[in-house]
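Q: Sequence and predicted structure are below.
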Amino acid sequence: MTTPNLILSLINGFTPILNEKFYIVDLTSAALATGVFGNAGGGTLVMDLSGNSYQVNYFDHDPDDLSNALFNDISLTSPGMTPLPE
C-alpha cells in the first residue's frame, strides 16, 4: 500500500499571509485523523506549486468548530513565502 503525498495548488493568484491557517481535515466527531501524508510528516514544511510553504499539524483544533474540543484536525500554517531553489 502506498502512502499518498500532499500536493498543494492555489487558484486565482491567491497568496497566503504570514501565519494564515487552513484546516484540510476538520472532524466534527470524536474520531481521530489517522495516518500521515508520505511527503509531510508532522511539523514538516511542504510547498505548493507557487513556492509558498506550509507547516503541517496533524493534532490541531479548529476554534470555530463548536461540535468538539478535540485536537483531531489537520491544518496547514503558512510561515511566509519560501523562495524556490534556482
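A: Thanks, I have the structure now.

Q: so where's this protein uncertain?
A: 1, 80-86 (pLDDT under 70).

Q: switch to 80 and redo it
A: Scanning the chain for pLDDT under 80 picks out 1-3, 27-30, 32-34, 43, 65-69, 80-86.

Q: What segments of it are helices?
A: Assigned helices in the chain: none (criterion: DSSP state H).

Q: most centrally placed residue in it?
A: When C-alpha atoms, centre = their mean is applied to the chain, the residue found nearest the centroid is residue 76 (2.4 Å).

Q: Verify the contact between that residue and residue 21 for me.
A: Yes - if you go by C-beta atoms under 8 Å, residue 76 and residue 21 touch, sitting 7.1 Å apart. C-beta here means a position set from N, CA and C on the backbone, and glycine is covered the same way.

Q: on that earlier part again, please report how far the residue nearest to the centre of the chain lies from residue 10.
A: 11 Å (C-beta to C-beta, to the nearest Å).
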